[in-house]
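Colleague: Sequence isn't available, so here's the structure alone:
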């Protein structure tokens with residue numbers, strides 16, 4: 001039995017502090033936002049939520065405001081005027097959360113591709129196992145993806161293999177977007193120097209944490225493709241990831257991380 005599961009076995013009923021916040025970036029997620037908010041708040045461990053909305057034309061931001069009347073000081077909304085990329089949404093979210101007292105800051109999608117029930121696994125990996133970064137990994141224990149066409153599975157799996165080969169990070173799911181960061185990681189990384197805004201943002205954050213010698217642990221999860229709404233993945237985002245990784249690695253070799 002691993003240390004992680006021995007720890008859980010020894011503490012069948014854990015008492016959790018309110019020390020964690022989940023950042024959910026949104027653009028046109030009106031079909032998912034209320035359900036995902038309620039699902040996160042339904043967990044045994046108490047999490048706060050910060051929605052970072054990019055002025056969604058479908059009214060996602062307005063829906064969050066209406067939910068704030070019910071959830072009070074547990075649900076927060078950061079409204080941005082323009083859609084400027086996933087990376088910038090998370091950076092602004094990180095900066096917002098670091099002004100508060102949260103010790104664990106999460107990234108999670110709004111579309112249920114990340115199961116809210118797995119939040120506690122990522123939390124425990126950092127809180128109990130003392131990882132600095134925990135990753136909800138699709139590929140650390142086989143290929144755990146549901147409802148994706150084979151072409152997309154191969155593209156995602158291949159991208160992670162490519163990134164691992166170039167960067168030498170010992171991470172199976174380098175492009176994962178379901179992540180928990182300890183506060184110290186985000187305080188140590190210079191967030192103003194994070195360059196990538198799309199798919200490659202997830203890679204860059206892991207690479208920076210790896211270069212800073214933080215302990216990174218992958219937690220196996222099952223990734224389920226969205227049932228409602230549209231994917232934001234595009235050719236430009238993929239291109240940024242492929243060529244950006246080479247640039248990122250080169251800069252690290254010459255000391256310009």
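Modeller: Arrived safely. If you're wondering where the values come from, they're calculated on a predicted model, not measured in any experiment.

Colleague: separation between residue 167 and residue 22?
Modeller: Residue 167 sits 27 Å away from residue 22, going by CB to CB, to the nearest Å. Backbone N, C-alpha and C define where each C-beta goes, glycine included.

Colleague: If you could redo that for residue 253, that was the one I meant.
Modeller: Taken as CB to CB, the span from residue 253 to residue 22 is 35 Å.

Colleague: and the two? which has more neighbours close in?
Modeller: Between residue 253 and residue 22, residue 22 has the larger neighbour count (other CB atoms under 10 Å), namely 27 against 8.

Colleague: how near is the more buried one to residue 116?
Modeller: Residue 22 is 8 Å from residue 116, by CB to CB.

Colleague: Pull up the overlap in contacts between these two.
Modeller: With contacts defined as CB atoms under 8 Å, 6 or more residues apart in numbering, the residues shared by residue 22 and residue 116 are 40, 108.

Colleague: Okay, and the beta partners of residue 107?
Modeller: residue 23, residue 179 (DSSP bridges).

Colleague: Now do the contacts for it.
Modeller: So residue 107 contacts 23, 90, 177-181, 202 (CB under 8 Å, 6+ apart).

Colleague: I'd like the distance between it and residue 87.
Modeller: From residue 107 across to residue 87, the span is 11 Å (CB to CB).

Colleague: ok, back up a step: from the contacts of residue 107, which would you call buried?
Modeller: Among the contacts of residue 107, those classed as buried by 16 or more other CB atoms under 10 Å are 23, 90, 177-181, 202.

Colleague: Let me know the closest of the contacts of residue 107 to residue 161.
Modeller: Using CB to CB, residue 202 is the member of the contacts of residue 107 that sits closest to residue 161, with 15.2 Å.
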